[in-house]
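K.L.:
Here you go, sequence then predicted model.
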Amino acid sequence: MNTFAPCDLPVINGEMVSLRPITREDTDRIVAWRNKPSVYRHFIFRQPFTRELHENWLATRVDTGKVIQYIILDKALEKPVGSVYYRDVDPESESAEYGIFIGEEEYLGRGFGTETARLFTRFGLDVLKLHRISLRVLEGNAIALRSYEKAGFVTEGIFRDMVKLDGEYRDVIFMAILNEEGKGK
């Protein structure tokens, strides 16, 4: 697996989106996004998100390479609209867990998440040389499921009633994509 210092990560460009590495200047934006109901309702982690939590995340995860996090930009406007990341990056197993959220509600359902999923997955497989990228999604998040499938993720299993959120049990769907070229190496 290729490893990069956070300052050496490349900008990734697509047709509608541009992805750039996160900076500390993004903290207020990330905190605001993560506390929006349109974002946190899709997260298993439901604790109110604070500046301190995010600064700790940056110091203990992003700065150490355990997380690779980017900001999603509307390429035409250069407007930040969300974030995408790999967490639990494991160089030995060449694996990581994918996560994404669109923080600007007017960008939901417009293809920005799908293009980001494709771009960031290709980056993970081709540039970072990950063998396996996994993700978890709450059942009922049909838009995210379609986006992940378009990016090549395959459902591996459903964990029934895995979490209790807002007073009700929810299923969690586990998906993954493998770098087929990495098999047998």
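P.N.:
In hand now; what should we look at?

K.L.:
How far does stretch 72-85 sit from its chain's centre?
P.N.:
Distance of stretch 72-85 from the chain centroid (Cα atoms, centre = their mean, to the nearest Å) equals 13 Å.

K.L.:
And for stretch 35-52?
P.N.:
Worked out by Cα atoms, centre = their mean, stretch 35-52 lies 14 Å from the chain centre.

K.L.:
how long is that stretch end to end?
P.N.:
Stretch 35-52 stretches 14 Å from its first residue to its last (Cα to Cα, to the nearest Å).

K.L.:
buried ones in it?
P.N.:
By neighbour count on 16 or more other Cβ atoms under 10 Å, the buried set for stretch 35-52 is Val39, Tyr40, His42, Phe49. Quick note: C-beta positions are derived from backbone N, CA and C, even for glycine.

K.L.:
can you tell me which of those residues lies nearest to Asn141?
P.N.:
Using Cβ to Cβ, His42 is the member of those that lies nearest Asn141, at 5.5 Å.

K.L.:
so how many other residues sit close to the residue lying closest to the closest one once chain neighbours are set aside?
P.N.:
For His42, ignoring the flanking residues on the chain, the nearest one in space by Cβ to Cβ, 6 or more residues apart in numbering is Asn141 at 5.5 Å. Neighbours of Asn141 under the rule other Cβ atoms under 10 Å: 14.

K.L.:
Quick check: the gap between Asn141 and Asp63.
P.N.:
From Asn141 across to Asp63, the span is 30 Å (Cβ to Cβ, to the nearest Å).

K.L.:
any idea which of the buried residues of stretch 35-52 is closest to Asp171?
P.N.:
Distance to Asp171, by Cβ to Cβ, is smallest for His42 among these, at 13.5 Å.

K.L.:
Is that closest one in a helix, a strand, or coil?
P.N.:
Following DSSP: H, G, I helix; E, B strand; the rest coil, His42 is assigned to coil.

K.L.:
ditto for the one 3 residues further on
P.N.:
Secondary structure, three-state DSSP: Phe45 is coil.

K.L.:
which one's the longest helix in this structure?
P.N.:
Secondary structure of the chain per DSSP state H: the longest helix is helix 112-122.

K.L.:
what does that helix contact?
P.N.:
By Cβ atoms under 8 Å, 6 or more residues apart in numbering, the surrounding residues in contact with helix 112-122 are 12, 14-17, 19, 70, 72, 74, 81-82, 84, 86, 98, 100, 102, 133, 143-144, 146-148, 150-153, 177.
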